[in-house]
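A.B. asks: following is a predicted model, sequence given first.
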Amino acid sequence: MNSATSSSAMRGSNHVGMRQFNERIVLQAIRHHGAIPKADLARLTQLSTQTVAIIVGRLLDDGLLVKQDRVRGKIGQPSVPLSLNPQGAFSVGIQVGRRNLELLVADFCGQPVERLEVHYDYPDPDRLFLSMAEGLNTLQERMGDLWLRTVGVGLTAPLSLHKWADLMGGQAAQALARWEHIDLTAQVQGLTDLPVVFAKDTTAACVAELLQGHGRHVRSFLYVFVGTFIGGGLVLSGHIMNGDRGNAGAIGSLPVGLASSANKEMGMPPQLLQKASGWQLEQALLAAGHNPLLKHEAAIMEPAYAQFTAPWIAQASQALAMTVASSAALLDLDAVVMDGSLGAPLMSTLVSATQEALHGYRFDGMHQPQLLAGQVGAHARALGGALLPLHSQFFPDKDIFLKQDAA
């Protein structure tokens, strides 16, 4: 699933009845390597030249591939590189958050082409589904005839949207509590004729980083997304790890302190989401009469806001450094990738502060993972959602890779 995957992991089969499998293998090879001639495709996939020619012909007819300009070399006939057609297919990502709703259309190459965003104080279900229906209609109008090539909707949201409602309080807590009894996927399916698939929001963001970011070169990494609440995802040997209950990489629940049996007044140790979420910075801004959405803007790094940002960065970076060290002891990671919905300057400062805080931890007996800033950015959750239908319908999934590797 990334460029570090060996060519054997993309090997096809010349047996009859393998059309869909081989088409996916060819599309995957082109996605990894970029524009490539048929002869190189045959060599890379270990399919016969005739099989590749037939597959390429079908994919060209279906509009999934396009021919590039001929490349003339010193020896032999000019070659015609083949590449993915960005308009070959589209997919919609819908991200439901505690503070915003985002709808995004991605093309066949995984690039965003349309996007809508709605901000709110808390996700009231009635208003949210109305905004979602209006957003889907708007996207369809913007896309015009290209909407006919849209293959599905990838829906993302926190796995337990109703939890931690006590942190938000008041009307927000009441609205969040309602989500415990709402079948989000079924509700969204009722708004569209397109098939809807669901993924946890931070897992979807991790998918975006895996397919469009550092995952193309880094095999195993813990993914950290700092949003209203912090969360994460896990990639091992190029594959997303979900866990039986979908909680693999759920770092927001990680304790960042020791429980004390000697002093009951100290209470339970805080979780990472209580120390390193954007929520704490929002509340500090609100208490001082500032717009909490400043956390998404470059202006948040101006000196006038240092009294809010500096304490939050110090607290969050220390908690994140402890999380990195703990994760490194449990998992053999190449890297920890940090991204978020915060403004780019604030995220960059947080990454740097976390790197500095790591100097306070020993890594004796384990590999210290590299700390990397995410490459996808604030819209990773919606983009990851949009990538899910594209990847499941056109590219080899994890099971296919495992079967192929075993072969």
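C.D. replies: On my side now, so go ahead.
A.B. asks: Asp121: neighbour count?
C.D. replies: Asp121 sits with 13 neighbouring residues when counted by other Cβ atoms under 10 Å. Yep, even glycine has a C-beta here, placed from its N, CA and C like the rest.
A.B. asks: okay, now stretch 171-190: how far is its last residue from its first?
C.D. replies: This stretch, stretch 171-190, spans 27 Å end to end (Cα to Cα, to the nearest Å).
A.B. asks: quick one: it to chain centroid distance?
C.D. replies: Centre-to-centre, stretch 171-190 and its host chain are 22 Å apart (Cα atoms, centre = their mean, to the nearest Å).
A.B. asks: got the contact list for it?
C.D. replies: Stretch 171-190 has contacts (Cβ atoms under 8 Å, 6 or more residues apart in numbering) with 94, 96, 98, 121-125, 129, 132, 153, 155, 157, 161-162, 165-166, 168, 196, 198.
A.B. asks: try it again with 10 Å
C.D. replies: If you take Cβ atoms under 10 Å, 6 or more residues apart in numbering as the criterion, stretch 171-190 is touched by 94, 96, 98-99, 120-129, 132-133, 136, 153, 155-158, 160-168, 194-198.
A.B. asks: do stretch 299-315 as well
C.D. replies: Identification of contacts with stretch 299-315 by Cβ under 10 Å, 6+ apart yields 256, 270, 274-278, 280-285, 287-288, 290-291, 293-295, 297, 342-346, 348-350, 352-354, 357.
A.B. asks: can I get the buried part of these as one PyMOL selection?
C.D. replies: Burial among these is assessed by 16 or more other Cβ atoms under 10 Å; the matching PyMOL selection reads:
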select buried, resi 256+274+275+276+277+278+280+281+282+283+284+285+290+294+295+297+342+343+346+349+350+353+354+357
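A.B. asks: tell me which of the contacts of stretch 299-315 fall in helices.
C.D. replies: Cross-referencing the contacts of stretch 299-315 against helices under DSSP state H gives 274-276, 278, 280-285, 287, 344-346, 348-350, 352-354, 357.
A.B. asks: how's this protein carved up into domains?
C.D. replies: If you go by automatic domain parsing, the domain ranges for the chain are 7-85, 90-205+382-393, 214-375.
A.B. asks: can you add mean pLDDT and give the ones you listed back as a markdown table?
C.D. replies: Shown next, in a markdown table, are these (pLDDT from 0 to 100):
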| stretch | mean pLDDT |
| --- | --- |
| domain 7-85 | 82 |
| domain 90-205+382-393 | 91 |
| domain 214-375 | 93 |
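A.B. asks: pretty sure Thr349 is touching Lys295, no?
C.D. replies: No. Counting by Cβ atoms under 10 Å, Lys295 is not a contact partner of Thr349; they are 12.0 Å apart.
A.B. asks: shared neighbours, the two?
C.D. replies: Joint contacts of Thr349 and Lys295 (Cβ under 10 Å, 6+ apart) are 309, 342-343.
A.B. asks: now the helices for the stretch 151-300 of the chain?
C.D. replies: Counting by DSSP state H, counting those that start in this stretch, the stretch 151-300 of the chain has these helices, from start to end: 165-168, 170-178, 184-189, 201-212, 273-276, 278-287.
A.B. asks: just put those in a markdown table and tack on distance to Leu222.
C.D. replies: As requested, the helices of the stretch 151-300 of the chain are arranged in a markdown table below (distance: least, Cβ to Cβ, whole Å):
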| stretch | distance to Leu222 |
| --- | --- |
| helix 165-168 | 24 |
| helix 170-178 | 27 |
| helix 184-189 | 26 |
| helix 201-212 | 9 |
| helix 273-276 | 14 |
| helix 278-287 | 19 |
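A.B. asks: what's the closest of those to Cys109?
C.D. replies: Closest to Cys109 of those is helix 201-212 (Cβ to Cβ; 9.4 Å).
A.B. asks: all strands of this protein, in order?
C.D. replies: Listed in chain order, the strands of the chain (DSSP state E) span 65-67, 82-84, 90-96, 100-106, 112-119, 150-157, 196-200, 221-226, 230-236, 239-241, 335-340, 370-373.
A.B. asks: now the ones you listed as TSV including distance to Arg58?
C.D. replies: Compiled in TSV, these are given as follows (distance: least, Cβ to Cβ, whole Å):
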stretch	distance to Arg58
strand 65-67	9
strand 82-84	12
strand 90-96	20
strand 100-106	23
strand 112-119	25
strand 150-157	17
strand 196-200	25
strand 221-226	36
strand 230-236	32
strand 239-241	28
strand 335-340	37
strand 370-373	39
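A.B. asks: most packed of those strands?
C.D. replies: strand 221-226 (a mean of 28; mean count of other Cβ atoms under 10 Å).
A.B. asks: what is that strand packed up against?
C.D. replies: On a contact count with 3 or more Cβ pairs under 10 Å, 6 or more residues apart in numbering; DSSP states H and E, strand 221-226 meets helix 201-212, strand 230-236, helix 273-276, helix 306-330, strand 335-340, helix 344-357, strand 370-373, helix 380-394.
A.B. asks: Ser326 versus the residue nearest to the spatial centre of the chain, what's the distance?
C.D. replies: Closest to where the C-alpha atoms of the chain average out (Cα atoms, centre = their mean) is Ala205, at 1.7 Å. The gap separating Ala205 from Ser326 is 21 Å, by Cβ to Cβ, to the nearest Å.
A.B. asks: how about Val256?
C.D. replies: In terms of Cβ to Cβ, Val256 sits 9 Å off from Ser326.
A.B. asks: same question for Arg98.
C.D. replies: Using Cβ to Cβ, Arg98 is found at 25 Å from Ser326.
A.B. asks: more crowded one of those two?
C.D. replies: Taking neighbours as other Cβ under 10 Å, Arg98 and Ser326 compare with Arg98 leading, 25 against 16.
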